[in-house]
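S.K.: missing the sequence, but the structure's below:
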């Protein structure tokens, strides 16, 4: 479903990612871990085509997205959902309009069909009855859920989540992690998330990638990562797990 081949990226004169290569099978949940500034979000933005590689390729569902023009890329993005770190909700729109926005922009559905789809995805993320609330009336966890609903409302084949547990307490972090796993399974999406949250990543991810010093330091299942003898990986896990 997703292939990243020999990805290199500099921002200005600063290398951020070097020779990043991995693949994600259909239906997998992959968690990308690393210290702040390790390039996790930069990698995620390459997967949706917001950044173009200096070298290497990103292939989504058999399509090399770096060869596409903006119009072609937009069609690919309609099959992808992106959950931003802070939810990135429109403050001047209520929950209903935030979630309905992609449907109005990218489909020809009738108003009653849009309303039905919005209710469907809000129920999926356990937010029945909040359609008329505005973002400033929501808790941090609820904002994440609304952002997730908006990310999947078009039926995302690929779901990208940027630090979905950032700013949440341990219980809410567990809940949103479990919800991402549940939603991914329900809609059949292939999911890549970046995170500092090692414990929850171990619980829900099929495999994990740890980035350090622009490179992949380790990649594998939770058991394989825990058994790694790479010094940085061992130190990172000691600092991050309880």
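M.R.: That came in fine, so what should we check first? Note that this is a predicted model, so its numbers are computed, not measured.

S.K.: all strands of this structure, in order?
M.R.: With strands called from DSSP state E, the chain shows them at 2-11, 14-24, 29-34, 55-60, 63-64, 80-83, 158-162, 190-195, 207-212, 215-220.

S.K.: Which neighbours in the sheet does the shortest one have, and how are they oriented?
M.R.: Going back to what we said before, that points to strand 63-64. strand 55-60 (antiparallel) (DSSP bridges).

S.K.: again with the third one
M.R.: The strands beside strand 29-34 in its sheet (DSSP bridges) come out as strand 190-195 (parallel), strand 207-212 (parallel).

S.K.: mind checking pLDDT for residue 129?
M.R.: Note for residue 129: predicted pLDDT of 86.

S.K.: And for residue 84?
M.R.: pLDDT at residue 84 comes out at 88.

S.K.: Next up, the contacts around residue 240.
M.R.: Counting by C-beta atoms under 8 Å, 6 or more residues apart in numbering, residue 240 touches 33, 196, 198-199. For glycine as for every other residue, the C-beta is placed from the backbone atoms N, C-alpha and C.

S.K.: For residue 158, which non-adjacent residue is closest in space?
M.R.: residue 80 (4.4 Å; C-beta to C-beta, 6 or more residues apart in numbering).

S.K.: Restricted to helices, list the contacts of residue 240.
M.R.: 198-199 (DSSP state H).

S.K.: quick one: which of the contacts of residue 240 is most hemmed in?
M.R.: residue 33 (27 neighbours; other C-beta atoms under 10 Å).

S.K.: contacting residues around that residue?
M.R.: The neighbourhood of residue 33, defined by C-beta under 8 Å, 6+ apart, consists of 40, 194-196, 198, 201, 208-211, 236, 240.

S.K.: Filter the residues you listed down to the buried ones, ChimeraX style.
M.R.: Remark: buried members of the contacts of residue 33, expressed as a ChimeraX selection using 16 or more other C-beta atoms under 10 Å:
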select :40,194,195,196,198,201,208,209,210,211,236
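
S.K.: May I see the contacts of residue 33 organised as JSON lines, with pLDDT added?
M.R.: Shown next, in JSON lines, are the contacts of residue 33 (pLDDT from 0 to 100):
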{"residue": "40", "pLDDT": "95"}
{"residue": "194", "pLDDT": "96"}
{"residue": "195", "pLDDT": "92"}
{"residue": "196", "pLDDT": "87"}
{"residue": "198", "pLDDT": "93"}
{"residue": "201", "pLDDT": "95"}
{"residue": "208", "pLDDT": "97"}
{"residue": "209", "pLDDT": "98"}
{"residue": "210", "pLDDT": "97"}
{"residue": "211", "pLDDT": "97"}
{"residue": "236", "pLDDT": "92"}
{"residue": "240", "pLDDT": "76"}
